[in-house]
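Enquirer: The following comprises the amino acid sequence and a computationally predicted model.
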Amino acid sequence: MIYIHVPFCRSFCTYCDFYSEIATDGLVNKYTEAVCAEIRERAKEIDPSLPTLYFGGGTPSLLPLPALTKILLTLAECGHGGPWAEFTMEVNPEDIVQKGVSYVRSLMTLGVDRISMGVQSFDDDLLRWMNRRHNAERAREAIRIVREAGIQNLSIDLIFGLSNLSDSTWEATIDEALALGVNHISCYQLTIEGDNALTHMLETGDYVEATDEQCWRQYYTLCRKAAAAGYNHYEISNFAKPGFEAVHNGGYWQRKPYVGFGPAAHSFTGRGRGWNSSEIEGYTHTDEALSVEDEKIETLMLALRTSRGIDEEFLRSNCSGATIDSLLGERALVKEGRRFRIPEDHFFVSDEIIRELV
Ligand code: SF4
């Protein structure tokens, strides 16, 4: 599994806490050279058993095709030229509309077979408040273009849990996403952290946080509507039509090793975590081994986020039997065959359940 971080944006979203720079030709060139050098240096760390490639960001659709091609050729030189079990590219709807069908076809020629689009909402007022570059109509057009190019495996991101997102606006956004029939939806509750416009608005009183009850209601509205439309809620934040579950992200939840290239990218060796510093020029890589306790907590946290859950033997040998029985009694945990999982109606409080277990 390979992750490549593309830390460029055209503008910054109100709530964003990711490392990203405004894309300029000079910076993009420096970035491309640095990533290719890192690939040559660290390619031996790549485990070929799950050949997935994921370009995330930032905004990977800002990366010019020659730069993308150069990175892919460097991977191929190092023995990782595909074919890929899944090759995902995150895109901004506005880039897709501006670059058109030919751009998406070029991505497909390079091997991309899955697009993850940052739609966030189909409400123009909210998109403006988020300082997104697109409006709802451009998102619809981008989805149409991706399909016209021939990509079926299309995921969109949506955000809920904003105090200025009314239940009726949220329902309209979900209804539109479902009516468009995208095969995968990733849905995240707004988090307020870092140094960005939203944290400043919170300090000045220009924004108040959504209540837990509002977040809970919006989350379960999506669960209910997605289930009725035939989506499998296979991970806390992810819904897929059968057969469209994300392979690369599935690897993260099963703790399969991956190598992350590029500024601010993270890696996982199977026994330790690594990360790159957040700067374009001269970024550095650091590795840290996980303690036995960290491994246990990570395994529990990642597996219990999924509908597949966790193996009985692992749970019983690492957690208190009394806690497991009590959670089973409350139906905060259910047992199916040799596996335990958190049922969907408790997904929203999964952090508390996992805290009890560890
Ligand atoms: S949310 Fe995405 S597009 Fe918006 S500023 Fe952050 S990285 Fe860029």
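Expert: It's in.
Enquirer: can you pull out the helices in this structure?
Expert: If DSSP state H is used as the criterion, the helices of the chain fall at 25-42, 65-77, 93-109, 124-129, 136-149, 167-180, 197-204, 212-228, 247-253, 292-303, 312-318, 321-329, 350-357.
Enquirer: Output the contacting helices and strands for the second one.
Expert: I take that to be helix 65-77. helix 25-42, helix 93-109 (3 or more C-beta pairs under 8 Å, 6 or more residues apart in numbering; DSSP states H and E). (Each C-beta comes from the backbone N, C-alpha and C, glycine too.)
Enquirer: okay, those helices in a markdown table with mean neighbour count, mean pLDDT and distance to residue 5 next?
Expert: As requested, these are exported to a markdown table (neighbours: other C-beta atoms under 10 Å; pLDDT from 0 to 100; distance: least, C-beta to C-beta, whole Å):
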| stretch | mean neighbour count | mean pLDDT | distance to residue 5 |
| --- | --- | --- | --- |
| helix 25-42 | 17 | 97 | 9 |
| helix 93-109 | 18 | 98 | 17 |
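Enquirer: I'd like to know which of those helices is closest to residue 4.
Expert: helix 25-42 (6.7 Å; C-beta to C-beta).
Enquirer: So for residue 259, which of the helices and strands packed on helix 65-77 sits nearest?
Expert: Taking these one by one with C-beta to C-beta, helix 25-42 is closest: 6.3 Å.
Enquirer: who's in contact with the closest residue to residue 57 other than its chain neighbours?
Expert: Among residues not flanking residue 57 along the chain, residue 6 sits closest, at 4.4 Å (C-beta to C-beta, 6 or more residues apart in numbering). Listed by C-beta atoms under 8 Å, 6 or more residues apart in numbering, the contact set of residue 6 reads 31, 55-60, 62-63, 262.
Enquirer: do residue 4 as well
Expert: Residue 4 neighbours (C-beta under 8 Å, 6+ apart): 35, 53-56, 60, 71, 260-262, 265.
Enquirer: of these, closest to the ligand?
Expert: residue 56 (9.1 Å; C-beta to the nearest ligand atom).
Enquirer: tally of neighbours for the closest one?
Expert: 20 (other C-beta atoms under 10 Å).
Enquirer: again with the one 4 residues further on
Expert: Burial of residue 60, expressed as a neighbour count using other C-beta under 10 Å, amounts to 24.
Enquirer: Please tell me how far it sits from residue 67.
Expert: With distances taken as C-beta to C-beta, to the nearest Å, residue 60 is found 10 Å from residue 67.
Enquirer: can you check residue 322 too?
Expert: Distance from residue 322 to residue 67, by C-beta to C-beta: 56 Å.
Enquirer: From the neighbour counts alone, determine which of those two ranks first.
Expert: When residue 322 is set against residue 67 and neighbours are counted by other C-beta under 10 Å, the residue ahead is residue 67, at 18 against 8.
Enquirer: Now render the contacts of residue 4 as a markdown table, adding distance to residue 151.
Expert: As requested, these are exported to a markdown table (distance: C-beta to C-beta, whole Å):
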| residue | distance to residue 151 |
| --- | --- |
| 35 | 24 |
| 53 | 15 |
| 54 | 15 |
| 55 | 14 |
| 56 | 17 |
| 60 | 15 |
| 71 | 20 |
| 260 | 24 |
| 261 | 24 |
| 262 | 23 |
| 265 | 24 |
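Enquirer: In strands only, show me the residues you listed.
Expert: Residues of the contacts of residue 4 located in strands (DSSP state E): 53-56, 260-261.
Enquirer: with those in mind, which one is nearest to residue 15?
Expert: residue 56 (17.1 Å).
Enquirer: ok, what's across the strand from the residue lying closest to that closest one once chain neighbours are set aside?
Expert: The spatial neighbour of residue 56 that comes closest, neighbours along the chain excluded (C-beta to C-beta, 6+ apart), is residue 90 at 5.1 Å. Beta-bridge partners for residue 90, by DSSP bridges, are residue 116.
Enquirer: need the helices of the chain in TSV with distance to the ligand, can you?
Expert: Listed next are the helices of the chain as TSV, based on distance: least, C-beta to the nearest ligand atom, whole Å:
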stretch	distance to the ligand
helix 25-42	14
helix 65-77	18
helix 93-109	10
helix 124-129	11
helix 136-149	13
helix 167-180	17
helix 197-204	10
helix 212-228	19
helix 247-253	17
helix 292-303	23
helix 312-318	35
helix 321-329	35
helix 350-357	23
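Enquirer: need the contact list for whichever residue of the stretch 201-350 of the chain sits closest to the ligand.
Expert: Residue nearest to the ligand within the stretch 201-350 of the chain (C-beta to the nearest ligand atom): residue 264, separated by 10.4 Å. Residues in contact with residue 264 (C-beta under 8 Å, 6+ apart) are 5, 7, 18-19, 275-278, 283.
Enquirer: May I have stretch 279-299 exported as CSV, CA atoms only?
Expert: Written as CSV, here are the backbone C-alpha positions of stretch 279-299 (Å, rounded to 0.1, in the frame of the first residue of the first chain):
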residue,chain,number,x,y,z
GLU,A,279,7.7,21.4,4.6
ILE,A,280,8.2,21.0,0.9
GLU,A,281,12.0,21.4,0.8
GLY,A,282,14.2,19.1,2.9
TYR,A,283,11.3,17.4,4.7
THR,A,284,12.5,14.6,6.9
HIS,A,285,11.2,11.2,7.9
THR,A,286,11.0,9.9,11.5
ASP,A,287,10.1,6.4,12.7
GLU,A,288,8.8,5.3,16.1
ALA,A,289,8.3,1.8,17.3
LEU,A,290,4.9,1.0,18.9
SER,A,291,4.8,-0.4,22.4
VAL,A,292,2.8,-3.6,22.9
GLU,A,293,0.1,-1.6,24.7
ASP,A,294,-0.1,0.9,21.7
GLU,A,295,-0.4,-2.0,19.3
LYS,A,296,-3.3,-3.5,21.3
ILE,A,297,-5.1,-0.1,21.5
GLU,A,298,-4.6,0.6,17.8
THR,A,299,-5.8,-2.9,16.8
